[in-house]
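> could you look at this predicted model? Sequence included:
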Amino acid sequence: GEDVEQSLFLSVREGDSSVINCTYTDSSSTYLYWYKQEPGAGLQLLTYIFSNMDMKQDQRLTVLLNKKDKHLSLRIADTQTGDSAIYFCAESGSSASKIIFGSGTRLSIRP
Amino acid sequence: GAVVSQHPSRVICKSGTSVKIECRSLDFQATTMFWYRQFPKQSLMLMATSNEGSKATYEQGVEKDKFLINHASLTLSTLTVTSAHPEDSSFYICSATTGTSTSTDTQYFGPGTRLTVL
């Protein structure tokens, strides 16, 4: 079945870049998402990429997709304390399809 | 644009009572709404998919008689947890989309409702 996997924790120094990695199994995935969830809050869509794209950049965020290896990454440049959160990788076949979420990566920032 | 609200944001109820959670798309018409559940320190798990005017499609293992979903209009879906028990305590999140299987729209998530059953 469909599965999305990501590491559970990542700790980076403030000002450094954070790279969160994700792998997925569904080769028919059309949308690949990155969501951010702060403590006690709902999900915030950070960015998404279509499966026919290799890269998408939006300010400090860069998403890289290796469709052959089914590997997705999120790079956050110049990581700030406000970036502390859980980041979920997710995929879906279409906008009207269910979204399959990874377990989330807890990003912590150290001074 | 594309704002989804949920009400209430937090609810505490006694075991055996029923709780209704509303999900509204504020500035768009949602053809499809989804309900997810998130247990502490876990990921979101889809419970059901609802299309306006039709019965919801439940994921395997989700009791449709316990989690009643109504999607009566293009801007409102409700989830009713019937005869709630402490194990139903969770964070319930809805999402909405105008999209179809061939569109390029995305899903927009509500802020979530934290349910605590005593």
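That came through, no problem. Numbering: from 1, shown residues only, chains lettered A, B, ... in the order given.
> what comes up buried for stretch A:39-47?
Judged by neighbour count (16 or more other Cβ atoms under 10 Å in any protein chain shown), stretch A:39-47 contains these buried residues: A:42-43, A:45-47. Backbone N, C-alpha and C define where each C-beta goes, glycine included.
> keep only these that also lie close to chain B.
Contacts with chain B within the buried residues of stretch A:39-47, as defined by Cβ under 8 Å from any Cβ of the partner chain: A:42-43, A:45.
> enumerate the residues of chain A near chain B.
Counting by Cβ under 8 Å from any Cβ, the residues of chain A close to chain B are A:31, A:33, A:35, A:40-45, A:48, A:50, A:88, A:92-104.
> rerun at 7 Å
Counting by Cβ under 7 Å from any Cβ of the partner chain, chain A comes close to chain B at A:31, A:41-43, A:45, A:48, A:88, A:94-99, A:101-104.
> in PyMOL, how would I select just the buried ones from those?
Entered in PyMOL, the line below selects the buried ones among those, by 16+ other Cβ under 10 Å:
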select buried, chain A and resi 31+42+43+45+48+88+94+95+96+97+98+99+101+102+103+104
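> among the residues of chain A next to chain B, which are located in strands?
A:31, A:43, A:45, A:48, A:88, A:101 (DSSP state E).
> contacting residues for B:Glu52?
B:31, B:71, B:73-74 (Cβ atoms under 7 Å, 6 or more residues apart in numbering or on different chains).
> just B:Phe91 next, same as before
For B:Phe91, the contacting residues are B:38, B:112, B:114, by Cβ under 7 Å, 6+ apart.
> who's it bridged to?
When assigned by DSSP bridges, B:Phe91 has beta-bridge partners B:Gln38, B:Arg114.
> low-confidence ranges in chain A?
Where chain A drops to pLDDT under 70, the residues are A:1, A:95-96.
> where do the strands of it begin and end?
Under the criterion DSSP E, chain A contains strands at A:4-6, A:9-13, A:18-24, A:31-37, A:43-50, A:55-58, A:61-66, A:71-76, A:85-92, A:100-101, A:105-110.
> just checking, what packs against the first one?
The criterion is 3 or more Cβ pairs under 7 Å, 6 or more residues apart in numbering or on different chains; DSSP states H and E, and the helices and strands that strand A:4-6 contacts are strand A:18-24, strand A:85-92.
> how far off centre is the last one?
This points to strand A:85-92. Relative to the centre of its chain, strand A:85-92 is centred 5 Å away, using Cα atoms, centre = their mean, to the nearest Å.
> so that strand versus strand A:18-24, what angle?
30 degrees (axes from the mean of the first three to the mean of the last three Cα atoms, to 10 degrees).
> adjacent strands (with direction) for strand A:85-92?
Strand pairing for strand A:85-92, using DSSP bridges, gives strand A:31-37 (antiparallel), strand A:100-101 (antiparallel), strand A:105-110 (antiparallel).
> good, we can wrap up now.
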